[in-house]
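Enquirer: okay, predicted coordinates and the sequence, questions at the end:
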Amino acid sequence: MPTTRRLLTARWFRARRSPNPEELDDVRPRTLPRTDMDRRPRVSRVLSSPARAQHQTNPPLDEESLERAYPSMGHLEYVLAGSSPPAESAPNMYDSFEEPPLDLTAHICGDSLRQSAHEQMRAVGGRLRLLDELESGHPKPRKNVCLFWAAFLKLANLLPHLVDAGADPLYYDALGLSPLHVAACFAPLHCAAFGNSVQVANLLISAGASVHTAVKYVNCEGGLLHCSVRANSVECLKLFISHGVDVNLIEPGGTNAIHLAADLGMTQCLTILLETPGADPNVRTRVGDRESTALHLAADGGFVDCVDLLLSKGADASLKNHRGFTALHLAARSASLECVESLLRKGNAEPNAMDFDMRTPLHAAIGKSDSACDIIETLISWGANVNQKDEYGFTPLHLAALDGLSACVETLIYHGADVTTRSKKGNSALNVIARKTPASLAMITRKLDCAITLHHSQTSNREVELELDFRSILQHCYPREISYLNTFVDEGQKEVLLHPLCSAFLYIKWEKIRKYYVARLFLSFIFVLCLTLYVLTALAHNCYNGSKDMEETIQEQELCQKQSILGDLLRKNPFVIEMQWWVLAGITIFEIFRKVYGIAGYSTVKQYLMQSENIIEWFVIVSVFLISYIYTNITYTWQNHVGAFAVLAGWTNLMMMIGQLPVFGTYVAMYQKVQKEFAKLLMAYSCILIGFTISFCVIFPDSSSFANPFMGFITVLTMMIGELNLDLLLNEPDGNDPPVLLEFSAQITYVLFLMFVTVVLMNLLVGIAVHDIQGLRKTAGLSKLVRQTKLISYMELALFNGYLPKCLLKILHSSALVSPQAYRVVLSVKPLNPSEKRLPRDIMMAAYDIAKMRKQYGHTISSSGSTTGAYSCFKKYENNNDSGYREYGYSSGLGSLQARLDETSENVRQLTQEVKELKKLISAQQLVIQQALASSMDSR
């Protein structure tokens, strides 16, 4: 009985007739992919009803229909969910370092002949074992191939027998060689050169063979010198040179013998060629449009002996090939540390030489090889610019981070690479490091640690001094000194601000630049105050129109005289109001100049408009001119509304400016956080508020609070915060009682609003606010440093955008910069002196703990030319570091350090005691052994 599988196979693949396209179109919409569980019932139905199976009219007729119904894994398509982003890496031009190698390999050698003979034996259907037997000394002739092989092995006793057996002496192999050539060690002259057969070469030359004849091999052309160099035939090479062959001659392949020897690393041949009178090591190749010298080829191959030899014979290390690469570029790319050192030391190669894409050898040195870090350190020690940008704005640090090479990243950071530098597309190296090699961020922290050192003063009291070196923060960001730390904040690495060195720098920087922000705050306060006085006197109380003897009502007269303190004075002396506006206009013009000057500090208009304070300030400035009286000598009612919004915006902006101060920043941040959460909550539950608004408008149509939906929504918001109006539910004594059903509906709706909105929604808002405030308090220290950094960055943006006069810039540099001179970068404080006030006590003690930790475990960064100097030497330091110190929470103090020292001392004491006891035991055992030996001697 057939199995289920056979029945299905017979049913699906039995083609009774060819399907037409119309039938297939009818089948396709009904053919849906099914799982195995979905197909089982269908299979059982087919097998249980043979008659029905015979009358099935539209079975799958071929494999195409089956594949369409049940696609295999290889035919599945991707879900259409948008286009894939481009690969994030350096431009493809970095792959252009990879040069296609010159075809300078030897095409004729023992291995190639052996392979040729084996292939020919396979072609004629012979047995390869015959060739092996001939080579091993067991001759079994096989005509032409055997004759060729015997001639190659110089088995002279077999050659006559093979010829007698029918082998053709004029047989030629695929390389154009006959048994006569190989018997004479690849003679004529070129084959003699390949076999280093000096005697045969002399014989052929004496017989009239030309030493200038070029021979064509498969895919290669060359002369006698090329053949000699390929086979490393030193003696033949000397012979041919002595007969006048030009060593500088460029062969049809585009190279000369010096190029070939340098490319193959043939040191002996290269020595002979370069010692020839007239040899020029700087001749360029002519392979297509590629122009390289022998030094380029040797450096690219990593042949240090050839590089040394070429340099000693006058090769120029500064020459560039067709792409602008020097030999140092190629040596760095090939990861040959010896070649790099030789080119720098003996060839005086320029470590900052740039190719046509402005890339230096340091760019080329970035790679995955074990010697990449050593090459990087060698180049930097010889003066390579670690922050050199190429045509696309990429530094070596960008390339190392993009390729995920953490060792190279750490080496570059250690040697001063700027992590804040940006490419032309605006991508900072720090951003790439944080995503591709996040573990390398620890190197930045360790460099900051190494900038904190302990010293003892030279005075008699020997007081401890703590030195903070700010070079790692300042060296790449003059005059905008905060830009280094601001980049960390922008890239989400704001925790670095908690490091004592960064916190100390922020404190000193704020002390320097604080006066400018306070001055700006004071001017803004005067501006908003003048605007407020003008709006109150001229607009709110309508005193200016009253001073012009205009027709006004008694109510308008009382508004100015009674509501305003200076009402009578203003009505009788309108010039007071006019002077208010002119003073306000003068301050406004100054604000306009300040805002226009500040635009230059932003890279794009979008960035300028994204700052809310800029929009608010421009609105207030424009409002000053909108609410003026000078156009018609009177004021209008619409100006009152503009003035009201202008005053509100001005004081709000002033609040935001005060909130940027570190002292008040936490409170303003709390307000803004709760404001954002309330906006989200209002948007999420706006539907229920609208529902209650419409319900109240329907139930209380006579109430003025719900006269229209807009007023009703405001009333609902007021009721939401607890201002409940129970008068809505109470009937007036003189009025008619509403229907019972309507009264019951009003009570139910009011109770539901009370429960779901006033109780639940408001308590939810309070809970969210409390939770957010607690979170802000936990990170208050870090948030303060972040705000301080952004504020200082904003002030530097305004002060040092390059449009101020030089004399004013000089004053700003001396008063606002921490380091106006390059050498003023170190701060020395006395952390254990209670009179030390230059830094906060918590910052000084945190820095002191780090310095003590480094002094205990030794210096953790070494400048040796190895990867240990950049990474591995930190392991001991890192393992002994406690968690509190790693997070810079200022919790690791002298107490914890003293406890560790006490514990170590106790362990040493116990170990000493154990050693003493062991020593006593060994002495006792030694005495017993001596007594036993003495007794044994006496017994003898």
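Expert: Thanks, I have the structure now. Residues are numbered from 1 along each chain as shown.
Enquirer: give me the helices and strands touching the helix or strand containing Thr445, please.
Expert: Thr445 belongs to helix 441-450 when elements are defined using DSSP states H and E. In terms of contacts (3 or more Cβ pairs under 8 Å, 6 or more residues apart in numbering; DSSP states H and E), helix 441-450 is packed against helix 406-414, helix 841-857. Quick note: C-beta positions are derived from backbone N, CA and C, even for glycine.
Enquirer: what helices or strands is the longest helix along the chain leaning on?
Expert: Of all the segments of type helix in the chain, defined by DSSP state H, the longest one is helix 894-939. Helices and strands touching helix 894-939, by 3+ Cβ pairs under 8 Å, 6+ apart, are helix 841-857.
Enquirer: quick check: angle from the helix it packs on to helix 441-450?
Expert: Put simply, helix 841-857 runs at 100 degrees to helix 441-450, going by axes from the mean of the first three to the mean of the last three Cα atoms, to 10 degrees.
Enquirer: show me the strands in the protein, by range?
Expert: Under the criterion DSSP state E, the chain carries strands at the ranges 215-217, 220-222, 452-456, 464-469, 826-829.
Enquirer: hang on, the earlier thing: distance between the helix holding Thr445 and the chain's centre?
Expert: When C-alpha coordinates are averaged (Cα atoms, centre = their mean, to the nearest Å), helix 441-450 and its chain have centres 17 Å apart.
Enquirer: in that helix, what's buried?
Expert: If you call a residue buried by 16 or more other Cβ atoms under 10 Å, then helix 441-450 has these buried ones: Leu441, Met443, Ile444, Thr445, Arg446, Lys447, Leu448, Asp449, Cys450.
Enquirer: turn the residues you listed into CSV, including distance to Glu723.
Expert: Listed next are the buried residues of helix 441-450 as CSV, based on distance: Cβ to Cβ, whole Å:
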residue, distance to Glu723
Leu441, 53
Met443, 59
Ile444, 55
Thr445, 54
Arg446, 59
Lys447, 59
Leu448, 55
Asp449, 58
Cys450, 62
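Enquirer: hmm, back to that, turn the strands of the chain into TSV, columns for distance to Ala279, mean neighbour count and mean pLDDT.
Expert: TSV is the format used below for those (distance: least, Cβ to Cβ, whole Å; neighbours: other Cβ atoms under 10 Å; pLDDT from 0 to 100):
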stretch	distance to Ala279	mean neighbour count	mean pLDDT
strand 215-217	23	15	50
strand 220-222	18	19	56
strand 452-456	57	16	83
strand 464-469	54	19	88
strand 826-829	57	16	88
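Enquirer: which stretch among those strands comes nearest Pro281?
Expert: strand 220-222 (19.5 Å; Cβ to Cβ).
Enquirer: which residues does Ala299 contact?
Expert: Neighbouring residues of Ala299 by Cβ atoms under 8 Å, 6 or more residues apart in numbering: Val307, Ala327, Leu328, Leu330, Ala331, Ser334, Ser336, Cys339, Leu343.
Enquirer: ok, 7 Å please
Expert: By Cβ atoms under 7 Å, 6 or more residues apart in numbering, the contact list for Ala299 reads Val307, Ala327, Leu330, Ala331, Cys339, Leu343.
Enquirer: could you do Thr652 as well?
Expert: Counting by Cβ under 7 Å, 6+ apart, Thr652 has contacts Ile616.
Enquirer: might one say that Lys595 is in contact with Phe619?
Expert: No: in this structure Lys595 lies outside contact range of Phe619 using Cβ atoms under 7 Å: 11.6 Å.
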